[in-house]
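Peer 1: Build me a model:
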Amino acid sequence: MKKSIIVLITIGLILLISGIVMAANTDNHTVTITVSAVNELAITGVDPILVISAATAGSGLTNATDNTCALDWTTNSSVNKKVTGQLDTDYSAGIALAVNVTVAGGNGASAGQQTLISASAVDLVTGMHNEFVSANTLGYTASAPTASPASETKTVTYTILDQ
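Peer 2: Numbers count the residues shown, from 1 in each chain. Okay, the predicted model is just below:
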């Protein structure tokens, strides 16, 4: 009887050890990767201060410009996207801000210099899709040919939207 118990214990130990060895030999996971829609914008550079302080006698005031900023974007959309620019509030009569995005590469195309005088969105770049582009020059031109001395600070909001 003792012999039978010892044999059964030995067989049990052998099966247990071989089961542990086999369990540690392989294993697997099922991995799922999900890519979400990504549409990101970033402005580089400091907030420009445009000072209109000169004129030619007999002509209007000389425009002030700043081309030191850049607009970068990333989109993984296969559907064309656009970038719009919009003021938070209207400028006073006679004051205008023009914005121009010079596209450095990718699929997007600049809409050229666009004037922002009110809180209505204006298309600045169109045709963007499946791309990441940096160092797109963001140029500003302030004009005030008939404005009296004034100082106005506005916020320009840039947004990526479906085209």
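Peer 1: Quick one: residues contacting the residue nearest to the spatial centre of the chain.
Peer 2: Nearest to the mean C-alpha position of the chain, counting by Cα atoms, centre = their mean, stands L41 at 1.8 Å. When contacts are counted by Cβ atoms under 8 Å, 6 or more residues apart in numbering, L41 touches 71-73, 83, 158-160. Every residue, glycine included, has its C-beta placed from N, CA and C.
Peer 1: and the two most separated of these?
Peer 2: Of all pairs drawn from the contacts of L41, the greatest distance, 14.3 Å, lies between D72 and T159 (Cβ to Cβ).
Peer 1: which regions of the protein sit below the pLDDT cut-off?
Peer 2: 1, 4, 7-8, 12-13, 15-24 (pLDDT under 70).
Peer 1: what ranges do the helices span in the chain?
Peer 2: Taking DSSP state H as the test, the helices found in the chain are 2-25.
Peer 1: What segments of it are strands?
Peer 2: 39-44, 64-75, 81-87, 96-102, 109-110, 114-116, 122-128, 131-143, 156-162 (DSSP state E).
Peer 1: Okay, now the sheet partners of the fifth one, with direction.
Peer 2: I take that to be strand 109-110. Strand 109-110 sits in its sheet next to strand 122-128 (antiparallel), going by DSSP bridges.
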